[in-house]
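S.K.: have a look at this fold, sequence not included:
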Ligand SMILES: [Ca+2]
């Protein structure tokens with residue numbers, strides 16, 4: 001439109017034939033420009049589609065044990081005495097895990113004299129109920145050592161024998177019996193040993 005006005009204004013002083021040709025040329029030019037403009041803004045159908053919500057959340061490995069201390073203790077123990085305690089192991093994470101347990105003691109003499117046995121699946125985790133059922137997962141063997149012994153599995157990464165598997169949010173009860181056998185000598189008389197059970201959990205997926 002701007003181009004057409006300019007051309008008409010420029011031809012007002014020219015003779016008739018030339019004016020006619022120029023007007024025709026100007027109109028042709030204006031039509032051409034209009035055609036070009038229509039071509040640029042052509043009304044073709046289009047569409048777009050977004051695929052969102054591609055979200056990733058990492059799972060968790062989180063093991064807990066209850067009670068957190070003194071699941072089995074005994075003061076003034078005499079040969080032949082025993083104690084039984086229940087320890088609940090919880091998978092507080094979202095991923096399936098496998099766990100291992102090591103036992104580290106404050107000394108080695110009484111720790112070796114003491115016999116520890118650990119079972120799963122004991123219906124009634126008491127001295128009376130310990131022998132009735134369940135499956136042995138450790139012992140009877142030493143309570144532990146100052147260097148630490150593998151009681152269940154192996155905390156090293158990967159699958160080792162005896163390790164326990166817990167599904168996400170799963171749990172199980174370990175029934176622990178510790179006995180000071182009648183057969184021991186005097187080496188442990190008056191000795192105190194304290195054991196710490198260390199749980200190590202790892203993901204089972206891709207491992
Ligand atoms: Ca392992």
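M.R.: Yep, that arrived. Please read all numbers here as calculations on a predicted model, not as lab measurements. Numbers count the residues shown, from 1 in each chain.

S.K.: nearest spatial neighbour of the residue nearest to the spatial centre of the chain, skipping sequence neighbours?
M.R.: Most central in the chain under CA atoms, centre = their mean is residue 60, positioned 2.3 Å from the mean C-alpha point. Counting by CB to CB, 6 or more residues apart in numbering, residue 93 is the residue found nearest to residue 60 once chain neighbours are left out, at 3.8 Å. For every residue, glycine as well, the C-beta is placed using N, CA and C.

S.K.: my guess is the one you found contacts residue 166. True?
M.R.: No: between residue 93 and residue 166 there is no contact under CB atoms under 8 Å: 9.2 Å.

S.K.: who touches both of those two?
M.R.: residue 63 (CB atoms under 8 Å, 6 or more residues apart in numbering).

S.K.: am I right that the residue nearest to residue 60 sits in a strand?
M.R.: No: going by DSSP: H, G, I helix; E, B strand; the rest coil, the assignment for residue 93 is coil, not a strand.

S.K.: contacting residues around it?
M.R.: Contact analysis of residue 93 by CB under 8 Å, 6+ apart lists 59-63, 168-169, 201.

S.K.: how about a cut-off of 10 Å?
M.R.: 59-64, 166, 168-169, 201, 203 (CB atoms under 10 Å, 6 or more residues apart in numbering).

S.K.: where in this protein is pLDDT low?
M.R.: The chain contains residues with pLDDT under 70 at 1-41.
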